[in-house]
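>>> Fold the following, please.
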Amino acid sequence: MGLSEFFYHYFVEPIAMNEGYNVVNTTVYAVILGIAVILLYKFLKRLGIRVDDRFFKALIPYIFLGPLMRSMTDRGIYPRTYLTVSPGGYFVIAAFAIASLYVVWRHVGPGEKFYSIYHDFGWILVGGNLFVLLINLDKIDFRWEVLGYFIPILLAAEAFIWLLTKKSGLIRNNRLLFYTHFYDATTTFVGLQFFGYWEQHVLARKMISLLGTPAAMYVEKLMILLPIVWLLEKYSEEEDEELINFIKLAIFILGFGPGTRNLLIMLMGVGT
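Predicted coordinates:
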């Protein structure tokens, strides 16, 4: 198999045929993500932008923008191309967020104004997409019964994390990450268990096959998150605190983004 055939088979074909992820592209995307996190952090440091609560709040609309645009693509409002589905779609959103950040920084610098203007500009982008969604409501068959499954299961899942925070300082100190990823796991569980969706990620598919239930998603989240946050806590005193915060921010996005996309496509009736 030549290089072009290899790339097509493992990277292009899974998107073109909607086959989900495989071991090869998952590994490559994980490496790219790791490198991107480090480079983006260095970029922020160079601009003098601190990774703190102000930055997190300013980034919220951009975090929501990704799953919104992806769900609109799945519903057929935007064309399905390599740049509108994952992972290409998230690269595009990241490019929007970084370009917006740089433009705002160029005009106001890294001071207090930066965070509010960057935040507001993000909501303008979200508002533009919501307007597009509004004028295409005829393409959407809302499925509100999803909430009848999602809400009680989410409450039970998050209650479980709340109980774990009482027993584990590690989980208590990183509870936002666990709450977010159990939200993601719940959207996957509801979609697979009650609405006939299928899991795209290779590790999750293996776990579900092994345990025989989509509830394996919760087990997978704990298996992945616990060692990662343990390592982050272990090296938090030795490493740059802002770098640790930025890595945690990336982990948060990896839970919130897919989870919100899952919830939106179910509510929009994608696949019906």
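>>> Give the next helix or strand downstream of the helix or strand hosting N25.
Assigned by DSSP states H and E, N25 belongs to helix 23-47. Next along the chain after helix 23-47, taking DSSP H and E as the criterion, comes helix 53-74.
>>> what's the offset of that following helix from the middle of its chain?
Relative to the centre of its chain, helix 53-74 is centred 9 Å away, using Cα atoms, centre = their mean, to the nearest Å.
>>> After that helix, heading C-terminal, what element do we hit next?
Next along the chain from helix 53-74, counting by DSSP H and E, comes helix 88-108.
>>> List the buried residues of that next one.
G89, Y90, V92, I93, A94, F96, A97, S100, L101, V104, W105 (16 or more other Cβ atoms under 10 Å). C-betas here are computed from N, CA, C, even on glycine.
>>> Distance from whichever helix in the chain runs longest to the middle of the chain?
Selection of the longest helix in the chain by residue count, based on DSSP state H, yields helix 241-267. Centroid separation for helix 241-267 versus its chain: 4 Å, with Cα atoms, centre = their mean.
>>> what does stretch 102-110 give?
That offset, for stretch 102-110, works out to 26 Å (Cα atoms, centre = their mean).
>>> cool, and stretch 49-66?
Distance, centroid of stretch 49-66 to centroid of chain: 13 Å (Cα atoms, centre = their mean).
>>> got the buried residues for that stretch?
49, 51, 54-56, 58-59, 61-66.
>>> what does it contact?
41, 44, 89-90, 93, 96-97, 100-101, 105, 110, 112, 114-116, 118-119, 122-123, 125-126, 129, 242-243, 245-246, 249, 252-253, 256-257, 260-261 (Cβ atoms under 8 Å, 6 or more residues apart in numbering).
>>> Likewise for stretch 241-259?
33, 37, 40-41, 44-45, 50-52, 56, 59, 63, 66-67, 90, 174, 176-177, 180-181, 183-188, 225, 228-229, 232, 235-236.
>>> and if we set it to 7 Å?
Stretch 241-259 is contacted from outside by 37, 41, 50-51, 56, 63, 66-67, 176-177, 180-181, 183-184, 187, 228, 232, 236, using Cβ atoms under 7 Å, 6 or more residues apart in numbering.
>>> ok, now stretch 147-165?
Residues contacting stretch 147-165 (Cβ under 7 Å, 6+ apart): 171-172, 175, 178-179, 182-183, 185-187, 189-190, 194, 218, 263.
>>> Which members of these are positioned in helices?
171-172, 175, 178-179, 182-183, 185-187, 189-190, 194, 218, 263.
>>> Between which two of those is the distance greatest?
Within those, two members stand farthest from each other by Cβ to Cβ: R172 and F194, at 31.5 Å.
>>> OK, contacts around L203?
Residues near L203 by Cβ under 7 Å, 6+ apart: E220.
>>> What residues of the helix or strand it falls within count as buried?
Per DSSP H and E, L203 falls inside helix 202-211. By 16+ other Cβ under 10 Å, the buried positions in helix 202-211 come out as V202, A204, M207, I208.
>>> likewise stretch 109-125?
Those would be F114, Y115, I117, Y118, H119, F121, G122, L125, for stretch 109-125 by 16+ other Cβ under 10 Å.
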